[in-house]
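Visitor: what's the 3D shape of this:
(one chain, ligands or ions: 1)
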Amino acid sequence: MSIEEEIKKRRTFGIISHPDAGKTTLTEKLLLFGGAINEAGAVKSNKIKKTAASDFMEIERQRGISVSTSVLAFNFKDKKINILDTPGHKDFAEDTYRTLTAVDSVIVVIDVAKGVEEQTEKLVEVCRMRQIPIIVFINKLDREGKDAFDLLDEVEKKLGLTITPLSFPIGMGLNFKGIYNIWKKNIKIYQNDQKQIIGNKVTFNSLNDPELESIIGKKDIQNLKEELELIEGVYSSFDKNLYLDGDLHPIFFGSALNNYGVEDLLECFIEIAPCPLPKQSEKRIVEPKEEKFTGFIFKIHANMDPNHRNRLAFVKIVSGKFKRNTSYFHVRNNKNLKFSAPNTFFAEKKEIIEVSYPGDIVGLHDSGNFKIGDTLTSGENLNFTGIPSFSPEHFRYINNTNPMKAKQLEKGINQLMDEGIAQLFILNLNGRKIIGTVGALQFDVIQYRLLHEYGAQCEYESINIYKACWIDGDKESSSYDDFKRKKQKFLASDKKGNLVYLSDSEFTLKMAQQNYSDLRFYFTSEF
Ligand code: G4P
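Guide: Numbers count the residues shown, from 1 in each chain. Presented below is the predicted three-dimensional model:
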């Protein structure tokens, strides 16, 4: 098969949702359709929602499970599908943001009863910023929930999406009778004893079929016809280019648990979702079909075994073929690396691969060379962009409590920061180290891992920081100078040496933005 054909075959996407909306269940049902697993319950949820924040065993268990579910690949029809897992827990949101740098599209799962929830809003905002094509799946139609039209309104308003329903439910909860597939113009009857059964659903191609009327009832068919007319009148019809540009978002309804509506979603997804896309680098746009390999690291997973500190770095292949035992150029370190046992992922299994193509994710064993955002190439000196750090929300000083282990602490902190667990800022005034995280849970994870993996002990000290932002502007200007002098106490450097302003309140940040309007305040590290 030519590289173009391999690229066309691939769909690499992420499923995002607020915890409990049904992401794990939907993932599992997609794998069942792909024949990649045989039974429900095989995909373990990677969530830690039901436990206390300080439950270290649970944190460790989470880390273990999320290796096996980081990438779930399966074949469906003639397509190869790579699902990239995203943690639902809000404290791991940055992990999810970064995973979104490696997907070509996303499916957003929404609970019909709960509607658009907070975590969904945040994640969709990141997708919108990046113009990632989005399909929305409204789940749990077997339960009572919000009115379908109200939900569509909510999705438009809260998520800021222009939508086009491609399916529509007939009733819900106890009255849930089926779903009309606007895309295929057919209707599948819902029977609530269909759990786990693939295929075999009674399908009608016309709403005027007398048999359909005898099953669903005249009134419901009439209602459906009116609702479909309304949909046609109110919403734009589907346009693939608008969807691919991130300007129009198809909506599907279903019940993942009952395996209902999932097939409609998958059938449409493989037809419309984008195959691996070109990616911007500092120098130029890299096209997937280019002969030479390029890829970037979007996730690093530390090994569970504290005695062997090797890690698995996840590379998304952007262009060309990746081959085992071939020397590749690690751009940041300016050195060549060879990988004798690169892993690929199929369903839940990790296997050694000989060759991989754009869109695929390869796991590379790493003894500490890689950082999130690193680029690998066949020799070209280029760096991919678009893998930023996000402004953390929680901050603490980190202090060494065992002077004998200062080196271990330093190494541990550096490696954990490379993994992207948190960000390190060094205060310009006195060189004190400040850890910034997206979620409070990370502080416990860091302390625990420093002790168990590096033998280093630390304690935290509170510090009053509202937000960290990266500062840019004319370094020769008097205003830049003035800012640096007046805000001296609040300035730090990130790992790359960039200037970061740690404002102590929303008010002071606003004032600074006003008083120094010629400086630029950024809330992601890449600008
Ligand atoms: P998440 O990964 O988004 O956090 O959600 P997950 O799939 O784990 O689903 C959360 C809960 O919602 C699970 O129940 C799951 O069985 C249920 N669920 C998922 N899809 C549907 C659906 O279509 N209909 C109904 N009625 N329920 C659905 P749980 O009791 O929390 O977990 P479990 O004990 O069933 O695993």
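Visitor: in stretch 245-261, what counts as buried?
Guide: By 16 or more other Cβ atoms under 10 Å, the buried positions in stretch 245-261 come out as 246, 248-261. Heads up, the C-betas are built off the backbone N, CA and C, glycines and all.
Visitor: check stretch 472-484 too.
Guide: 480, 483.
Visitor: ok, which of the buried residues of stretch 245-261 also contact the ligand?
Guide: 255-258 (Cβ under 6 Å from any ligand atom).
Visitor: among those residues, which are in strands?
Guide: Nothing among those maps onto strands, per DSSP state E.
Visitor: looking at it, Phe76 is touching Leu32, isn't it?
Guide: No - using Cβ atoms under 8 Å, Phe76 makes no contact with Leu32, being 10.6 Å away.
Visitor: that older thread, from the ones next to the ligand among the buried residues of stretch 245-261, which is closest to Gln222?
Guide: Ser255 (23.8 Å; Cβ to Cβ).
Visitor: so for that closest one, what's the pLDDT?
Guide: Model confidence at Ser255, given as pLDDT, is 94.
Visitor: for the nearest residue to Leu491 once chain neighbours are set aside, what are its contacts?
Guide: Using Cβ to Cβ, 6 or more residues apart in numbering and skipping residues adjacent in sequence, the residue nearest Leu491 is Asn428, 4.7 Å away. Going by Cβ atoms under 8 Å, 6 or more residues apart in numbering, Asn428 touches 488, 491-493.
Visitor: how near is Tyr460 to Lys433?
Guide: Distance of Tyr460 to Lys433, given as Cβ to Cβ, to the nearest Å: 11 Å.
Visitor: common neighbours of those two, please.
Guide: In contact with both Tyr460 and Lys433: 397-398, using Cβ under 8 Å, 6+ apart.
Visitor: just the helices in the stretch 1-150 of the chain please.
Guide: 3-9, 23-33, 56-68, 93-99, 118-129, 148-159 (DSSP state H, counting those that start in this stretch).
Visitor: most packed of the ones you listed?
Guide: Neighbour counts (mean count of other Cβ atoms under 10 Å) averaged over each of the helices of the stretch 1-150 of the chain peak at helix 23-33, with a mean of 24.
Visitor: mind listing what Tyr397 touches?
Guide: Counting by Cβ under 8 Å, 6+ apart, Tyr397 touches 432-435, 460-463.
Visitor: next, count neighbours for the closest residue to Gly386 other than its chain neighbours.
Guide: Spatial nearest neighbour of Gly386, excluding adjacent residues (Cβ to Cβ, 6+ apart): Thr101 at 5.8 Å. Residues near Thr101, counting by other Cβ atoms under 10 Å, number 21.
Visitor: next: Arg284.
Guide: Residues lying near Arg284 (other Cβ under 10 Å) number 10.
Visitor: and the pLDDT at it?
Guide: 95.
Visitor: from the ligand, how far off is it?
Guide: 38 Å (Cβ to the nearest ligand atom, to the nearest Å).
Visitor: name the element the closest residue to that residue other than its chain neighbours belongs to?
Guide: Once flanking residues are discounted, Arg284 sits nearest to Leu382: 7.2 Å by Cβ to Cβ, 6+ apart. Using DSSP states H and E, no element contains Leu382; it sits outside every helix and strand.
Visitor: and Ser214, by the same measure?
Guide: Going by DSSP H and E, Ser214 is part of helix 210-216.
Visitor: ok, and for that helix, which residues are buried?
Guide: In terms of neighbour count (16+ other Cβ under 10 Å), helix 210-216 has its buried residues at 212-213, 215-216.
Visitor: looking at the helices of the stretch 1-150 of the chain, which has the lowest confidence?
Guide: Across those, helix 56-68 gives the lowest mean pLDDT, at a mean of 54.
Visitor: and Val202, what is it in contact with?
Guide: 188-189, 191, 215.
Visitor: same check, this time on Asn430
Guide: Asn430 neighbours (Cβ under 8 Å, 6+ apart): none.
Visitor: could you check how far it is from Ala468?
Guide: Where Ala468 is concerned, Asn430 sits at a distance of 17 Å (Cβ to Cβ).
Visitor: what do you get for Thr120?
Guide: Taken as Cβ to Cβ, the span from Thr120 to Ala468 is 25 Å.
Visitor: do Asp264 as well
Guide: 44 Å.
Visitor: quick check: mean pLDDT of the strand or helix carrying Met511?
Guide: Here Met511, judged by DSSP H and E, is contained in helix 506-515. When pLDDT is averaged over helix 506-515, the result is 96.
Visitor: ok, and what's touching it?
Guide: Residues outside helix 506-515 that contact it (Cβ under 8 Å, 6+ apart) are 466-467, 469, 483, 487, 501, 503, 521.
Visitor: if we can go back for a sec, pLDDT value on the residue nearest to Gly386, please?
Guide: For Thr101, the predicted pLDDT is 91.
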